[in-house]
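Enquirer: Give me the fold of what follows.
(2 chains)
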Amino acid sequence: GAGVSQSPSNKVTEKGKDVELRCDPISGHTALYWYRQRLGQGLEFLIYFQGNSAPDKSGLPSDRFSAERTGESVSTLTIQRTQQEDSAVYLCASSLGGRGPYEQYFGPGTRLTVT
Amino acid sequence: AQSVTQPDIHITVSEGASLELRCNYSYGATPYLFWYVQSPGQGLQLLLKYFSGDTLVQGIKGFEAEFKRSQSSFNLRKPSVHWSDAAEYFCAVGQLINNNDMRFGAGTRLTVKP
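Expert: Just a heads-up that it's a prediction; the model follows:
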């Protein structure tokens, strides 16, 4: 079956512009995660969705970052008024939900460059 | 909240040599532990995971890891490294409470010398 997909694969934007990143999780996966990976660094947790529960937004670095998820499907990560420090690869992952730390399946990422 | 520490940012080993990547976690209950690999330009792939039972777990590509509760560690090992093992390795810890979010370590970059 299809894996996690993300679009666009690459995005170059000017400082101050808003961007939207999209994630399509694996069908049936109720949990969805967004991470940020700056060049040469590890994964930084941003936000977590589980079914209809309130999302865990504890990793969002500022109020310029927000994310939505429609039911148990597509999610969009929005960055408003982008800054150069937002340049990174944004990874999305999904997993089976419920009680249990299931394996996360990662998408290929969106490489964001803010000029 | 749980956290993960990977003390080694970068490790270089010769092809054919043994490998051990360190991972220490902080969590009050029984952790659920994972190792992922990220090859250059590719996404993350699960190598192995520990939930319970035998503390020595086998994974793909000849990797294994041992859970040591007394040391709060989950080190990754491979007896003989291949050039294709050069990649970034991430340890992660999950929990079983109200949600199942995971936290990742900062990663260890492995370079393999010919």
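Enquirer: ok, how many other residues are close to the residue in chain B positioned nearest to chain A?
Expert: Sorted by distance to chain A under Cβ to the nearest Cβ, the residues of chain B start with residue B:94, at 2.7 Å. For glycine as for every other residue, the C-beta is placed from the backbone atoms N, C-alpha and C. Neighbourhood size, residue B:94 [other Cβ atoms under 10 Å in any protein chain shown]: 23.
Enquirer: Run through the bridge partners of it.
Expert: Beta-bridge partners recorded for residue B:94 (DSSP bridges): residue B:32, residue B:102.
Enquirer: Would you confirm that it contacts residue B:31?
Expert: Yes - using Cβ atoms under 8 Å, residue B:94 is in contact with residue B:31, at 7.2 Å.
Enquirer: Need the residues touching each of the two.
Expert: Common neighbours of residue B:94 and residue B:31 (criterion: Cβ atoms under 8 Å, 6 or more residues apart in numbering or on different chains): residue B:2.
Enquirer: in what helix or strand does residue 77 lie?
Expert: In the absence of a named chain, this looks at chain A. strand A:75-79 (DSSP states H and E).
Enquirer: Chain B, not that one
Expert: Short version, using DSSP H and E: residue B:77 is in strand B:73-78.
Enquirer: quick one: least confident helix or strand in chain A?
Expert: Every helix and strand in chain A was compared by mean pLDDT, DSSP states H and E; the lowest is strand A:43-50, with a mean of 89.
Enquirer: roughly how far is that strand from the heart of the chain?
Expert: 7 Å (Cα atoms, centre = their mean, to the nearest Å).
Enquirer: how many neighbours does residue A:40 have?
Expert: Neighbours around residue A:40, by other Cβ under 10 Å: 10.
Enquirer: Backbone dihedrals for it, please?
Expert: Backbone torsions for residue A:40, taken as degrees, to the nearest 10, come to phi 70, psi 10.
Enquirer: Before we move on, what's the pLDDT of it?
Expert: Listed pLDDT for residue A:40 reads 75.
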